[in-house]
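Peer 1: Make a model of this:
(4 chains)
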Number of protein chains: 2
Amino acid sequence: MTKPRRQTRIQQRNRRAILDAALAEFSNAGFAGATLDAIALAAGLSKPNLLYYFPSKEAIYLDLLSALMSMWLDPLLALDADGEPIEEIVAYALRKLRMSRDFPRESRLFANEIVSGAPRFAARIEGELKNLVDDKAALIAQWQDQGLLAAMEPRHLIFSIWAVTQHYADFDAQVRGILAPHGNAHFDEAERFVETFYRHALAPEAGAPAMPAPAARN
Amino acid sequence: MTKPRRQTRIQQRNRRAILDAALAEFSNAGFAGATLDAIALAAGLSKPNLLYYFPSKEAIYLDLLSALMSMWLDPLLALDADGEPIEEIVAYALRKLRMSRDFPRESRLFANEIVSGAPRFAARIEGELKNLVDDKAALIAQWQDQGLLAAMEPRHLIFSIWAVTQHYADFDAQVRGILAPHGNAHFDEAERFVETFYRHALAPEAGAPAMPAPAARN
DNA sequence: CCTGTTTCTGACCGTCTGGTCAAACAATTC
DNA sequence: GAATTGTTTGACCAGACGGTCAGAAACAGG
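Peer 2: Below you'll find the model as predicted:
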């Protein structure tokens, strides 16, 4: 039991290569559409060798989901109760947007999983993700009660931020088909849009400073 | 050549059953994940019989895409240049939201296709869809120049409406995991959110009536 | 060098999948 | 009721796919 040395350098390199290749494959083809042969090829390994590092296709997929979960949650986690509400939410939306630009494969992996009914992900959605959203929704509701934000259902506001920002990664093919951009230039446009849009949408009514919002039914 | 009678009653019934079953399968599993056996089973036919009506799996898929294309475009098409701008756009968003509620399979079919890079759909995106968006984006820009709408890039505004409304169909599993709703009750909440959100976000600045918008760079 | 361990591979297997086909069955027409 | 046309099926096929396995390399340490 001396010197555990859990992973050799070769293991580290190959596992990394496999996960990277798998991310590319799964995010483009979904779980069903991706093949071990394609992943092995992209990783520069033979298929049996790939299965030397991971016991099955599903194990690779689940490993990816787990590894990316925190990256997925981080931007929302950073929403700061002590910050200025509108700035905090706008900054959150911009963080998510930049993740769509910088990590589109990760976004599409989750998108594929969830569009297909999240068969291997439901537990985590109803667990970690739901808890985090509940927390932050309460924070937003509090800000609204203080008249610092326009009144609107906080969870749906969060959904809208996810939807709008992830749209640029998940529906990249459509966005590019319509904007016909060069490279990632359209992301600058998107940043300006997201910032002005949410800043405007979140601003409380001028003459309603510290009153409970009109449509607060819950 | 007398009495063409293109489709018998049996043909009509079976083709309909196949397309319906295929929509269910493709929207849940994507093109790769869906199987002819599953479609045939759901349609109440044997696999060879299914292939008597359609030449191939891809033919069924393409038939579906074509048939659903106009349903997809209609809500945007109905955006009326003679209407009141904010009401028109809010009504458009609500139409799209109700489509997510009433036709989630159709929405997920497109979502699956586009998330996977739209391999069988790119032509239509760059054709019909792009043209329609260009048209309506010009109309929105015109409204903005008249000071009737807050200034923001029209195409990205349209994207945001697609993203927010389709989110409820495409990411249904996630929405349900977080809201834990009974049936479709959360769609009422979503309707209220979408309406107030866009009404607020689109309202022009109080003191900027008929001036070209500040960030109009294009 | 030898030895034990880690890494890698070719050959193989059972299953599933999209698709074919000849023939049976049903419906319609004359 | 015979002939024609339209519909359905069981049996089958070739290829792809996830996964196994025995053993060959490559790599370590002594």
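Peer 1: Okay, helices next: where are they in chain A?
Peer 2: Along chain A, counting by DSSP state H, helices occupy A:9-33, A:36-43, A:47-53, A:57-77, A:85-102, A:104-115, A:122-124, A:130-145, A:154-170, A:172-179, A:186-202.
Peer 1: list the contacts for the residue nearest to the spatial centre of chain A?
Peer 2: Nearest residue to the geometric centre of chain A (C-alpha atoms, centre = their mean): A:W72, 4.2 Å. Going by C-beta atoms under 8 Å, 6 or more residues apart in numbering or on different chains, A:W72 touches A:E106, A:F110. For the C-beta atoms, the positions are set from N, CA and C on the backbone; glycine is no exception.
Peer 1: now swap in A:H156 and tell me
Peer 2: Here A:H156 is in contact with B:E189, B:A190, B:F193, B:V194, B:F197 (C-beta under 8 Å, 6+ apart).
Peer 1: hang on, A:A34 packs against A:A22?
Peer 2: Yes. The pair A:A34 / A:A22 is scored as a contact, 7.3 Å apart, by C-beta atoms under 8 Å.
Peer 1: Tell me the spacing between the residue nearest to the centre of chain A and B:N14.
Peer 2: For A:W72, the distance to B:N14 (C-beta to C-beta, to the nearest Å) stands at 44 Å.
Peer 1: same thing with A:A34?
Peer 2: Going from A:A34 to B:N14 by C-beta to C-beta gives 33 Å.
Peer 1: Name the residue in these two with the higher neighbour count.
Peer 2: A direct count of neighbours by other C-beta atoms under 10 Å in any protein chain shown for A:A34 and B:N14 places A:A34 higher, at 23 against 19.
Peer 1: Phi, psi for the more buried one please.
Peer 2: The phi/psi pair for A:A34 (degrees, to the nearest 10) reads phi -80, psi 150.
Peer 1: what's the closest non-adjacent residue to it?
Peer 2: Distances taken as C-beta to C-beta, 6 or more residues apart in numbering or on different chains put A:E25 closest to A:A34, at 4.0 Å, once the chain neighbours are dropped.
Peer 1: What are the buried residues along the helix or strand of chain A with the lowest mean pLDDT?
Peer 2: The helix or strand of chain A with the poorest confidence is helix A:122-124; it has a mean of 89 (mean pLDDT, DSSP states H and E). Buried positions in helix A:122-124, judged by neighbour count with 16 or more other C-beta atoms under 10 Å in any protein chain shown: A:A122, A:R124.
Peer 1: And for stretch A:8-18?
Peer 2: Buried positions in stretch A:8-18, judged by neighbour count with 16+ other C-beta under 10 Å: A:N14, A:R15, A:A17, A:I18.
Peer 1: Could you spell out which stretches of chain A belong to which domain?
Peer 2: Annotated domains of chain A cover A:1-54, A:66-202 [automatic domain parsing].
Peer 1: wait, does the shortest one contact DNA strand D?
Peer 2: Yes. Among the residues of domain A:1-54, A:A34, A:T35, A:L36, A:D37, A:K47, A:P48, A:L51 lie within reach of DNA strand D under C-beta under 7 Å from any atom of the strand.
Peer 1: So among the residues you listed, which ones count as buried?
Peer 2: Members of the residues of domain A:1-54 next to DNA strand D classed as buried by 16+ other C-beta under 10 Å are A:A34, A:L36, A:L51.
Peer 1: got a list of what A:E88 touches?
Peer 2: Contacts of A:E88 (C-beta under 8 Å, 6+ apart): A:L79, A:D80.
Peer 1: Distance of it relative to A:L79?
Peer 2: Look at A:E88 and A:L79: by C-beta to C-beta, they are 6 Å apart.
Peer 1: for A:E128, same thing?
Peer 2: 15 Å.
Peer 1: For these two, indicate the residue with more neighbours.
Peer 2: The residue with more neighbours, out of A:E128 and A:L79 and counting by other C-beta under 10 Å, is A:L79; that gives 19 against 14.
Peer 1: Isn't A:F31 up against B:G33?
Peer 2: Yes. Taking contacts as C-beta under 8 Å, A:F31 lies within contact range of B:G33: 7.5 Å.
Peer 1: separation between A:P85 and DNA strand C?
Peer 2: 50 Å (C-beta to the nearest atom of the strand, to the nearest Å).
Peer 1: go on, A:L62?
Peer 2: As judged by C-beta to the nearest atom of the strand, A:L62 and DNA strand C stand 20 Å apart.
Peer 1: got a pLDDT number for that residue?
Peer 2: For A:L62, the model assigns a pLDDT of 97.
Peer 1: any idea how far it lies from chain B?
Peer 2: To chain B, A:L62 is 17 Å away according to C-beta to the nearest C-beta, to the nearest Å.
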